[in-house]
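In: Got a predicted structure here, sequence first:
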Amino acid sequence: DVKVTQSSRYLVKRTGEKVFLECVQDMDHENMFWYRQDPGLGLRLIYFSYDVKMKEKGDIPEGYSVSREKKERFSLILESASTNQTSMYLCASSLRQGAASDTQYFGPGTRLTVL
Amino acid sequence: AQSVTQPDIHITVSEGASLELRCNYSYGATPYLFWYVQSPGQGLQLLLKYFSGDTLVQGIKGFEAEFKRSQSSFNLRKPSVHWSDAAEYFCAVGAWQAGTALIFGKGTTLSVSS
(Lines give C-alpha, C1' and ligand atoms only; values in the text may rest on other atoms or scores of the structure.)
Protein backbone atom coordinates (compact mmCIF):
# COMPACT_ATOMS: atom_id res chain seq x y z
CA ASP A 1 0.00 0.00 0.00
CA VAL A 2 1.05 3.54 -0.71
CA LYS A 3 1.85 5.47 2.40
CA VAL A 4 1.97 9.24 2.66
CA THR A 5 3.04 10.58 6.01
CA GLN A 6 2.99 14.10 7.34
CA SER A 7 5.33 15.19 10.09
CA SER A 8 2.71 16.58 12.45
CA ARG A 9 -1.02 16.07 12.96
CA TYR A 10 -1.41 19.28 14.91
CA LEU A 11 0.72 22.42 15.03
CA VAL A 12 0.30 25.68 16.87
CA LYS A 13 2.47 28.59 15.77
CA ARG A 14 2.62 32.30 16.36
CA THR A 15 2.15 35.04 13.80
CA GLY A 16 5.39 35.80 11.99
CA GLU A 17 7.01 32.43 12.64
CA LYS A 18 8.52 30.39 9.83
CA VAL A 19 6.68 27.09 9.58
CA PHE A 20 7.75 23.87 7.89
CA LEU A 21 5.31 21.12 7.00
CA GLU A 22 6.93 17.91 5.87
CA CYS A 23 5.50 15.16 3.71
CA VAL A 24 7.06 11.82 2.79
CA GLN A 25 5.80 9.16 0.38
CA ASP A 26 7.21 5.66 0.14
CA MET A 27 6.11 4.53 -3.34
CA ASP A 28 8.54 6.31 -5.67
CA HIS A 29 5.82 8.59 -6.99
CA GLU A 30 6.79 11.32 -9.42
CA ASN A 31 4.19 13.88 -8.35
CA MET A 32 3.56 15.43 -4.97
CA PHE A 33 0.98 18.02 -4.00
CA TRP A 34 0.07 20.36 -1.18
CA TYR A 35 -3.57 21.27 -0.66
CA ARG A 36 -5.28 23.48 1.83
CA GLN A 37 -8.71 22.49 3.13
CA ASP A 38 -11.13 24.97 4.65
CA PRO A 39 -14.80 24.46 5.58
CA GLY A 40 -17.10 25.26 2.69
CA LEU A 41 -14.21 25.74 0.27
CA GLY A 42 -13.15 22.15 -0.33
CA LEU A 43 -9.53 21.48 -1.24
CA ARG A 44 -7.45 24.10 -2.98
CA LEU A 45 -4.09 23.39 -4.56
CA ILE A 46 -1.17 25.39 -3.17
CA TYR A 47 1.81 23.90 -5.04
CA PHE A 48 2.72 20.71 -6.77
CA SER A 49 5.94 19.10 -7.92
CA TYR A 50 6.39 16.65 -10.79
CA ASP A 51 10.09 15.96 -10.23
CA VAL A 52 12.92 16.66 -7.83
CA LYS A 53 13.64 20.38 -7.61
CA MET A 54 10.68 21.13 -9.91
CA LYS A 55 7.60 22.96 -8.68
CA GLU A 56 4.50 24.58 -10.08
CA LYS A 57 2.18 27.05 -8.45
CA GLY A 58 -1.34 25.99 -7.78
CA ASP A 59 -4.40 28.12 -7.22
CA ILE A 60 -3.36 29.78 -3.96
CA PRO A 61 0.48 29.96 -3.71
CA GLU A 62 0.69 33.37 -2.05
CA GLY A 63 2.41 33.24 1.31
CA TYR A 64 3.79 29.75 0.70
CA SER A 65 6.87 28.17 -0.81
CA VAL A 66 7.91 24.55 -1.31
CA SER A 67 11.01 22.45 -1.49
CA ARG A 68 11.63 19.09 -3.07
CA GLU A 69 15.26 18.06 -2.68
CA LYS A 70 14.55 14.32 -2.70
CA LYS A 71 11.95 12.42 -4.63
CA GLU A 72 10.16 11.09 -1.57
CA ARG A 73 9.95 14.35 0.38
CA PHE A 74 7.97 17.52 -0.30
CA SER A 75 8.01 20.39 2.17
CA LEU A 76 5.61 23.28 2.48
CA ILE A 77 7.03 26.45 3.98
CA LEU A 78 5.13 29.36 5.45
CA GLU A 79 7.73 32.13 5.39
CA SER A 80 5.91 34.31 7.92
CA ALA A 81 2.80 32.67 9.28
CA SER A 82 -0.38 34.68 9.49
CA THR A 83 -3.69 33.96 11.16
CA ASN A 84 -5.41 33.52 7.79
CA GLN A 85 -3.18 30.51 7.19
CA THR A 86 -4.89 28.62 9.99
CA SER A 87 -6.19 25.58 8.15
CA MET A 88 -5.89 21.86 7.45
CA TYR A 89 -3.01 21.06 5.11
CA LEU A 90 -3.09 17.87 3.08
CA CYS A 91 -0.22 16.34 1.18
CA ALA A 92 -0.77 13.91 -1.70
CA SER A 93 1.26 11.98 -4.24
CA SER A 94 0.60 10.26 -7.56
CA LEU A 95 2.65 7.96 -9.73
CA ARG A 96 3.29 9.42 -13.15
CA GLN A 97 4.06 12.82 -14.57
CA GLY A 98 1.25 14.15 -16.73
CA ALA A 99 -1.17 11.35 -15.91
CA ALA A 100 -4.36 12.99 -14.79
CA SER A 101 -6.01 9.57 -14.48
CA ASP A 102 -3.65 8.47 -11.71
CA THR A 103 -5.01 8.22 -8.21
CA GLN A 104 -3.74 10.73 -5.72
CA TYR A 105 -2.90 9.25 -2.33
CA PHE A 106 -3.34 11.52 0.65
CA GLY A 107 -1.63 11.88 3.98
CA PRO A 108 -3.62 12.28 7.22
CA GLY A 109 -3.31 16.06 7.21
CA THR A 110 -1.76 18.67 9.48
CA ARG A 111 -4.09 20.99 11.32
CA LEU A 112 -2.20 24.25 11.70
CA THR A 113 -3.33 26.99 14.05
CA VAL A 114 -1.62 30.37 13.85
CA LEU A 115 -2.17 32.58 16.90
CA ALA B 1 -12.57 26.60 -17.04
CA GLN B 2 -12.85 23.24 -15.40
CA SER B 3 -15.03 23.03 -12.32
CA VAL B 4 -16.83 20.57 -10.10
CA THR B 5 -20.13 21.25 -8.37
CA GLN B 6 -21.56 19.28 -5.50
CA PRO B 7 -25.00 20.84 -5.04
CA ASP B 8 -25.69 19.36 -1.62
CA ILE B 9 -23.65 20.70 1.27
CA HIS B 10 -25.17 18.38 3.85
CA ILE B 11 -27.35 15.27 3.55
CA THR B 12 -28.91 13.16 6.29
CA VAL B 13 -29.91 9.59 5.51
CA SER B 14 -31.41 6.93 7.73
CA GLU B 15 -29.30 3.86 8.34
CA GLY B 16 -30.26 1.21 5.80
CA ALA B 17 -31.68 3.70 3.33
CA SER B 18 -30.22 4.30 -0.10
CA LEU B 19 -27.88 7.18 -0.85
CA GLU B 20 -27.14 9.32 -3.87
CA LEU B 21 -24.61 12.15 -3.78
CA ARG B 22 -24.62 14.45 -6.77
CA CYS B 23 -21.65 15.71 -8.71
CA ASN B 24 -21.61 17.83 -11.86
CA TYR B 25 -18.48 18.78 -13.73
CA SER B 26 -17.46 21.19 -16.41
CA TYR B 27 -14.62 19.98 -18.61
CA GLY B 28 -14.00 20.21 -22.35
CA ALA B 29 -12.58 16.76 -22.99
CA THR B 30 -13.26 13.29 -21.63
CA PRO B 31 -12.83 13.73 -17.91
CA TYR B 32 -11.13 11.60 -15.34
CA LEU B 33 -13.51 11.55 -12.39
CA PHE B 34 -12.94 10.58 -8.80
CA TRP B 35 -14.85 10.22 -5.58
CA TYR B 36 -12.97 10.49 -2.31
CA VAL B 37 -14.18 10.08 1.27
CA GLN B 38 -12.80 11.82 4.33
CA SER B 39 -13.61 10.57 7.81
CA PRO B 40 -13.38 13.13 10.62
CA GLY B 41 -9.80 14.19 11.26
CA GLN B 42 -8.42 11.99 8.48
CA GLY B 43 -6.97 12.35 5.03
CA LEU B 44 -8.85 11.49 1.85
CA GLN B 45 -9.38 7.93 0.67
CA LEU B 46 -10.26 7.01 -2.89
CA LEU B 47 -13.67 5.35 -3.25
CA LEU B 48 -13.67 4.93 -7.03
CA LYS B 49 -12.64 6.54 -10.27
CA TYR B 50 -13.70 6.69 -13.90
CA PHE B 51 -11.40 7.24 -16.83
CA SER B 52 -12.81 5.16 -19.69
CA GLY B 53 -15.00 2.21 -20.58
CA ASP B 54 -18.04 1.14 -18.63
CA THR B 55 -19.93 4.14 -17.35
CA LEU B 56 -20.97 2.37 -14.14
CA VAL B 57 -17.99 2.15 -11.82
CA GLN B 58 -17.77 -0.03 -8.73
CA GLY B 59 -15.76 1.10 -5.75
CA ILE B 60 -14.85 0.13 -2.25
CA LYS B 61 -17.26 -0.12 0.69
CA GLY B 62 -20.21 -0.96 -1.59
CA PHE B 63 -20.23 2.37 -3.45
CA GLU B 64 -20.81 2.83 -7.15
CA ALA B 65 -20.99 5.82 -9.47
CA GLU B 66 -22.39 6.38 -12.91
CA PHE B 67 -20.82 8.65 -15.50
CA LYS B 68 -23.39 10.40 -17.66
CA ARG B 69 -21.75 12.48 -20.34
CA SER B 70 -25.01 14.03 -21.55
CA GLN B 71 -25.69 15.38 -18.07
CA SER B 72 -22.06 16.09 -17.13
CA SER B 73 -22.67 14.15 -13.97
CA PHE B 74 -20.91 11.53 -11.89
CA ASN B 75 -23.27 10.70 -9.04
CA LEU B 76 -22.24 8.43 -6.19
CA ARG B 77 -24.67 5.79 -4.93
CA LYS B 78 -24.96 3.18 -2.24
CA PRO B 79 -28.01 0.91 -1.84
CA SER B 80 -27.91 0.66 1.96
CA VAL B 81 -26.07 3.15 4.15
CA HIS B 82 -24.27 2.13 7.33
CA TRP B 83 -23.57 4.42 10.28
CA SER B 84 -19.85 4.19 9.49
CA ASP B 85 -20.49 5.91 6.14
CA ALA B 86 -20.95 9.24 7.93
CA ALA B 87 -18.15 11.37 6.50
CA GLU B 88 -17.41 14.07 3.99
CA TYR B 89 -17.43 13.12 0.32
CA PHE B 90 -15.52 14.89 -2.42
CA CYS B 91 -15.95 14.63 -6.15
CA ALA B 92 -12.95 15.60 -8.28
CA VAL B 93 -11.94 15.84 -11.92
CA GLY B 94 -8.41 15.16 -13.12
CA ALA B 95 -7.11 17.93 -15.34
CA TRP B 96 -3.42 18.11 -16.17
CA GLN B 97 -2.79 21.71 -17.00
CA ALA B 98 -0.57 24.40 -15.59
CA GLY B 99 -1.39 25.00 -11.98
CA THR B 100 -4.02 22.32 -11.60
CA ALA B 101 -3.91 18.67 -10.73
CA LEU B 102 -7.22 17.52 -9.26
CA ILE B 103 -10.09 19.98 -9.15
CA PHE B 104 -12.29 19.25 -6.17
CA GLY B 105 -15.88 20.06 -5.43
CA LYS B 106 -16.60 21.70 -2.10
CA GLY B 107 -17.77 18.44 -0.58
CA THR B 108 -20.96 16.92 0.79
CA THR B 109 -21.22 16.00 4.45
CA LEU B 110 -23.20 12.85 5.05
CA SER B 111 -24.90 12.25 8.39
CA VAL B 112 -26.51 8.91 9.14
CA SER B 113 -29.44 8.74 11.53
CA SER B 114 -30.47 5.60 13.38
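Out: Done, it's in.

In: can you list the residues of chain A near chain B?
Out: A:4, A:31, A:33, A:40-45, A:48, A:56-59, A:90, A:92, A:94, A:98-109 (Cβ under 8 Å from any Cβ of the partner chain). From N, CA and C alone the C-beta is placed, and that goes for glycine too.

In: What is the burial count for the nearest residue to A:Gln6 once chain neighbours are set aside?
Out: Nearest residue to A:Gln6, sequence neighbours excluded (Cβ to Cβ, 6 or more residues apart in numbering or on different chains): A:Gly107, at 4.2 Å. A:Gly107 has 25 neighbours, counted by other Cβ atoms under 10 Å in any protein chain shown.

In: Quick check: phi and psi at A:Gly107.
Out: Dihedral angles of A:Gly107 (phi, psi; degrees, to the nearest 10) stand at phi -80, psi 180.

In: How about the one 4 residues further on?
Out: The phi/psi pair for A:Arg111 (degrees, to the nearest 10) reads phi -90, psi 110.

In: Look up the residues forming beta bridges with it.
Out: A:Tyr10, A:Met88 (DSSP bridges).

In: number of nearby residues for B:Pro40?
Out: Neighbours of B:Pro40 (other Cβ under 10 Å): 7.

In: buried subset of the residues of chain A next to chain B?
Out: A:4, A:31, A:33, A:42-45, A:48, A:56, A:58, A:90, A:92, A:94, A:100-107, A:109 (16 or more other Cβ atoms under 10 Å in any protein chain shown).

In: what secondary structure does residue 61 sit in?
Out: All of this is about chain A. Here A:Pro61 takes the coil state, with states given by DSSP: H, G, I helix; E, B strand; the rest coil.

In: nope, chain B please
Out: Under three-state DSSP, B:Lys61 falls in the helix class.

In: so what's it up against?
Out: Going by Cβ atoms under 8 Å, 6 or more residues apart in numbering or on different chains, B:Lys61 touches B:Val37, B:Leu47, B:Lys78, B:Asp85.

In: Restricted to strands, list the residues you listed.
Out: B:Val37, B:Leu47, B:Lys78 (DSSP state E).

In: What are the boundaries of the strands in chain B?
Out: Counting by DSSP E, the strands of chain B are B:3-5, B:10-14, B:19-21, B:24-26, B:32-38, B:44-50, B:56-58, B:64-68, B:73-78, B:87-97, B:100-104, B:108-113.

In: what are the ranges of the strands in chain A?
Out: A:4-6, A:10-13, A:19-25, A:31-38, A:42-51, A:54-57, A:64-70, A:73-78, A:87-94, A:105-106, A:110-114.

In: Take the ones you listed and lay them out in CSV including mean pLDDT.
Out: Shown next, in CSV, are these (pLDDT from 0 to 100):
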stretch, mean pLDDT
strand A:4-6, 95
strand A:10-13, 96
strand A:19-25, 97
strand A:31-38, 94
strand A:42-51, 91
strand A:54-57, 90
strand A:64-70, 96
strand A:73-78, 97
strand A:87-94, 95
strand A:105-106, 93
strand A:110-114, 97
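
In: Quick one, which of those gets closest to B:Phe74.
Out: strand A:42-51 (15.6 Å; Cβ to Cβ).
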